[in-house]
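Undergrad: coords please:
(one chain, ligands or ions: 1)
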Amino acid sequence: MKPTLAAFPATRLRRLRKSPAIRALVNQSVLSPGDFIWPVFVRDGDGVMEPVASMPGVNRLSVDKVVEAAREAHALGIPAICLFPYTPEHLKTEDCAEAWNPENLSNRATRAIKDAVPDMAVMTDVALDPYNINGHDGFVRDGEIINDETVEALVKQALSQARSGADIIGPSDMMDGRIGAIRAELEREGFRNTLLLSYAAKFASAFYGPFRDAVGASGVFKGDKTTYQMQPGNSDEAMRLIERDLSEGADMIMVKPGMPYLDICRRAKDMFGAPTFAYQVSGEYAMLAGAAERGWLDHDKVMLESLTGFKRAGCDGVLTYFAPAAARLLNG
Ligand code: PBG
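TA: Numbers count the residues shown, from 1 in each chain. Now for the predicted structure:
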């Protein structure tokens, strides 16, 4: 006897999942190595690869090793690498002058990469924390992070990065007005094609812990960053920050951290349609890589699943410490 209409589901959505072929046809979010910006930690020395204890599989690299890494990343199809310097204690000062030293680690690494692998886009970080005696992203006076004097320093830092050949400058400091000030200075100095990727919606997050170890900022850091980074509960404020930074001259915007803030990514993409990136930060990497190391999670599967989530949430790309491993897997 044939079933009556009511005897079977009118819509069998499982038909769309019936085989790898059908699933491939209806797949909406495709991840590729071209989506990745790879953050790397740079330290002084030669031939050095120093493991970061709280980030299994991640190393601090000396400039020569960073160049090697950039070459490998380029071969894997990764378009951009993002540099974070591990600054020796004696170069941390109250005036943070090392931040705009043309010979600082970040600037030397930028020139070395652009020299050896010119097609690799180099992104640099604008913030004072690697150079500050107290680990804050801005100058501290009487316990307060002072905005406008900090912006003046950030402009000098950004200009020194542009002069070293950085393709993308990433202000991660969350001071007010820094995008406009940096953009104006870049135009004045003839850097018309230097991109600004604003860490526009950056939350005060405990997920940055392993990063602060990696760049050597944990020991000196006092207090928290809650007067400049956002509180985790806010979404409207993130939209206002993104709108502001785009209007000041940002080419692309970032949401950071990533996985706990995918709603912010989606909302930003829907609202502004600008190139939108998420930063899967050190703590997100640590919890996945750390659990995988213990055999509690399948490394490759959680890596790809977590990265696919960013694409589904509307991101054009992801900053991720998994970049080379994920690219290798995607390339088959
Ligand atoms: C600071 C900066 C931080 C990160 C990137 N730039 C840490 C912070 O704000 O304290 C974190 C990245 C990560 O956790 O992977 N300018």
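Undergrad: so which helix or strand takes in Lys301?
TA: Following DSSP states H and E, one finds Lys301 within helix 299-312.
Undergrad: let me see the residues that make contact with that helix.
TA: Helix 299-312 is contacted from outside by 28-31, 35, 258-259, 262, 265, 278, 280, 284, 288-289, 291-293, 317-318, 320, 322, 325-326, 329-330, using CB atoms under 8 Å, 6 or more residues apart in numbering. All C-beta spots, glycine's among them, are computed from the backbone N, C-alpha and C.
Undergrad: what comes up buried for that helix?
TA: His299, Val302, Met303, Leu304, Ser306, Leu307, Thr308, Gly309, Phe310, Lys311 (16 or more other CB atoms under 10 Å).
Undergrad: one more: stretch 215-225?
TA: For stretch 215-225, by 16+ other CB under 10 Å, it's Val215, Gly216, Ala217, Lys225.
Undergrad: again, but for stretch 282-302
TA: Applying 16+ other CB under 10 Å to stretch 282-302 flags Ser282, Gly283, Glu284, Tyr285, Ala286, Leu288, Ala289, Gly290, Ala292, Leu297, His299, Val302 as buried.
Undergrad: out of the buried residues of stretch 215-225, which touch the ligand?
TA: Lys225 (CB under 6 Å from any ligand atom).
Undergrad: re the thing from before, from the buried residues of stretch 282-302, pick the one nearest the ligand.
TA: Ser282 (3.4 Å; CB to the nearest ligand atom).
Undergrad: and Asn134, that one's in a strand?
TA: No. Using DSSP: H, G, I helix; E, B strand; the rest coil, the assignment for Asn134 is coil, not a strand.
Undergrad: quick check: it touching Ala217?
TA: No. In this structure, Asn134 is not within contact of Ala217 by CB atoms under 8 Å, at 9.4 Å.
Undergrad: Ile182 and Gly170 touch, don't they?
TA: No. Counting by CB under 8 Å, Ile182 stays clear of Gly170, with 10.6 Å between them.
Undergrad: how about the strands of the stretch 101-250 of the chain, start to end?
TA: 121-126, 140-141, 144-145, 168-171, 195-202 (DSSP state E, counting those that start in this stretch).
Undergrad: so for the ligand, which of those sits nearest?
TA: The nearest among the strands of the stretch 101-250 of the chain, by CB to the nearest ligand atom, is strand 121-126 at 5.6 Å.
Undergrad: chain neighbours aside, what residue packs nearest to Ala250?
TA: Ser198 (3.9 Å; CB to CB, 6 or more residues apart in numbering).
Undergrad: so for the one you found, what's the pLDDT?
TA: Looking at Ser198, its pLDDT is 98.
Undergrad: pLDDT score for Ala214?
TA: 89.
Undergrad: can I get the strands of the stretch 101-250 of the chain in TSV with distance to Ala21 and mean neighbour count?
TA: Output for the strands of the stretch 101-250 of the chain, formatted as TSV (distance: least, CB to CB, whole Å; neighbours: other CB atoms under 10 Å):
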stretch	distance to Ala21	mean neighbour count
strand 121-126	36	24
strand 140-141	59	14
strand 144-145	55	15
strand 168-171	38	26
strand 195-202	38	26
